[in-house]
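Peer 1: coordinates only, sequence not included:
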Ligand code: HEC
């Protein structure tokens, strides 16, 4: 009988703990943790593009998909930043004000669009140099924020 209750208690505790710890972690740091994940996704797309461009690869055509992924990632960043701003208006970000953020974000999107364009041309037999140049262009816009 006691064994039965004990088992129930252990099960209940096991079910409650994950819920408890996730509600405890929903503090001010939540936004930063999430935005950092988006940053890592950005990085992985860039690293993948650089790897696939380094030499001919059976995965080459994914360069365009990773470039499209950068565009999607930027849109995730945009959304996360706007939600975080409402949740914690006082959090510190690497830009001066909204106008500064818009400028950094627009520069990134523009550079990524250029990369998508030249990567598509490269895949169809075009030059590699414009793609490498566009990758550097995107990197500059990352570094403007960091
Ligand atoms: C509009 C600004 C902006 C742009 C553009 C941007 N980031 Fe970020 N990134 C951030 C912010 C904000 C953070 C969260 C940390 C902070 O506050 O600096 C972040 C975090 C990161 C992190 C940190 C992850 C960690 O766990 O420490 C990496 C890596 C990163 N970004 C890579 C990139 C790369 C690569 C690009 C370009 C493809 C990029 N970012 C473009 C604003 C930006």
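Peer 2: Yep, it's here. Here the structure is a predicted model, which means the values were calculated and not measured.
Peer 1: and the single nearest residue of the chain relative to the ligand, how far is that from residue 77?
Peer 2: Nearest to the ligand, among the residues of the chain, is residue 39, at 2.1 Å (CB to the nearest ligand atom). Where you see a C-beta, it was placed from the backbone N, CA and C, and this is true even at glycine. Separation of residue 39 from residue 77 (CB to CB, to the nearest Å) stands at 8 Å.
Peer 1: Those two: which is more packed in?
Peer 2: Taking other CB atoms under 10 Å, residue 39 and residue 77 do not tie; residue 77 has more neighbours (19 against 15).
Peer 1: Can you confirm whether the host helix or strand of residue 118 lies near the ligand?
Peer 2: Per DSSP states H and E: residue 118 is located in helix 98-123. Yes: on the criterion CB under 6 Å from any ligand atom, helix 98-123 is in touch with the ligand at 104, 105, 108.
Peer 1: Rounded mean pLDDT for that helix, please.
Peer 2: Helix 98-123 comes out with an average pLDDT of 97.
Peer 1: Now residue 47: phi and psi?
Peer 2: Dihedral pair for residue 47: phi -60, psi -40, per degrees, to the nearest 10.
Peer 1: so which strand or helix has the residue most central in space within the chain?
Peer 2: The residue lying closest to the centre of the chain (CA atoms, centre = their mean) is residue 38, at 2.4 Å. Residue 38 belongs to helix 29-54 when elements are defined using DSSP H and E.
Peer 1: Find out how far that helix is from the centre of the chain, if you would.
Peer 2: Computed by CA atoms, centre = their mean, to the nearest Å, the chain-centroid distance of helix 29-54 equals 5 Å.
Peer 1: Much appreciated, bye for now.
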